[in-house]
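Participant: need a 3D model of the sequence below.
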Amino acid sequence: MEDVRVLVADDEKEIRNLLKKYLERELYKVDVAVNGEEALNLFAQNKYNLIILDIMMPKIDGVEVCRKLRDQTNVPILMLTAKDTEVDKILGLTIGADDYITKPFSMNEFIARIKAHMRRYLILGSEQNHEDKSIIKLKGLTINLKTYTVTKDEKEISLTAKELKLLKFFVSHPEQVFTKAQLFRNAWGDHYIEDDNTVMVHIRKLRKKIEDDPSNPKYIQTVWGIGYKFTGEKDE
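Facilitator: Predicted structure coming up:
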């Protein structure tokens, strides 16, 4: 198996050195960044299997770094923060982070979480390497990202270009919670207008086409007070 590489970005030298030491004990290759700008530069130059970001960093904070990285990669991202409020936790997870840990933390807990994310990512990545990544098969729903066709119970569904783009974004980021602004920016490629209900209208139309019961959706689920996420059991 090729080397597992981790990027650690934290402006506190003691934290960087401690995480690097423990991660290297697990035989991971570790690169460190002292701020968000350096983290993005390192990511552009290297391939990583996991990324650890401190939320409060100079130049570019961890929230913005996570947002930028999530547009480019699906590797696990774990956020570190000294804050311990529900708002901070929700913010970290809604921008695409996979996990969240508050300082100070137990190194045993930290390593356990890292191993769990790494194991899931490497196993899923290994399975996907042997499959056609452009075809996603869920229970009763097949999505072909190459031909932009969607089949429900073996019958092709007619979707508009925007509905397809929105669905593609959802299925490319399963179980991740996105705000309406994030969905609008990724599907429409434009700035979000707060009082615009475009996203809600398209999601309602999309649900009518792909859900068995649009009023009780199993694929595109509402996360109250935040936005939406896509979930679905993969076909065997």
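Participant: first-to-last residue distance for stretch 43-57?
Facilitator: Between the opening and closing residues of stretch 43-57 we find a distance of 16 Å, counting by C-alpha to C-alpha, to the nearest Å.
Participant: contact partners of that stretch?
Facilitator: Defining contact as C-beta atoms under 8 Å, 6 or more residues apart in numbering, one finds that stretch 43-57 is touched by 4-12, 15, 19, 31, 35-36, 39, 61-63, 65-66, 69, 72-73, 75-83, 88, 92, 97, 114, 117-118, 121-122. Every C-beta, even on glycine, is put in place using the N, C-alpha and C of the backbone.
Participant: strands - which of those land there?
Facilitator: Using DSSP state E to define strands, the subset of those located there is 5, 6, 7, 8, 9, 31, 77, 78, 79, 80, 81.
Participant: make a PyMOL selection of the buried ones in the contacts of stretch 43-57.
Facilitator: To isolate in PyMOL the members of these that are buried, counting by 16 or more other C-beta atoms under 10 Å, one can use:
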select buried, resi 4+5+6+7+8+9+10+11+12+15+19+31+35+36+39+61+62+63+65+66+69+75+76+77+78+79+80+81+88+92+97+114+117+118+121
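Participant: separation between the most centrally placed residue in the chain and residue 175?
Facilitator: Among the residues of the chain, residue 96 comes closest to the average C-alpha position under C-alpha atoms, centre = their mean, at 3.9 Å. Using C-beta to C-beta, to the nearest Å, one gets 11 Å for the distance from residue 96 to residue 175.
Participant: same deal with residue 72?
Facilitator: Distance from residue 72 to residue 175, counting by C-beta to C-beta: 18 Å.
Participant: which strand residues bridge the residue lying farthest from the centre of the chain?
Facilitator: Among residues of the chain, the one most distant from the C-alpha centroid is residue 155; the distance is 29.9 Å, by C-alpha atoms, centre = their mean. With beta bridges defined as DSSP bridges, residue 155 has these partners: residue 152.
Participant: name all residues that make contact with residue 232.
Facilitator: Going by C-beta under 8 Å, 6+ apart, residue 232 touches 138, 139, 141, 174, 218, 219.
Participant: what about this structure, any weak spots by pLDDT?
Facilitator: Filtered on pLDDT under 70, the chain yields the residue ranges 1-2, 83-95, 123-134, 146, 189-196, 233-236.
Participant: which stretches in it count as helices?
Facilitator: 13-25, 36-45, 62-70, 86-94, 107-129, 161-172, 180-188, 198-210 (DSSP state H).
Participant: surely residue 115 and residue 28 touch.
Facilitator: No: counting by C-beta atoms under 8 Å, residue 115 stays clear of residue 28, with 10.0 Å between them.
Participant: and the two? which has more neighbours close in?
Facilitator: Using other C-beta atoms under 10 Å as the criterion, residue 115 and residue 28 rank with residue 28 on top: 18 against 11.
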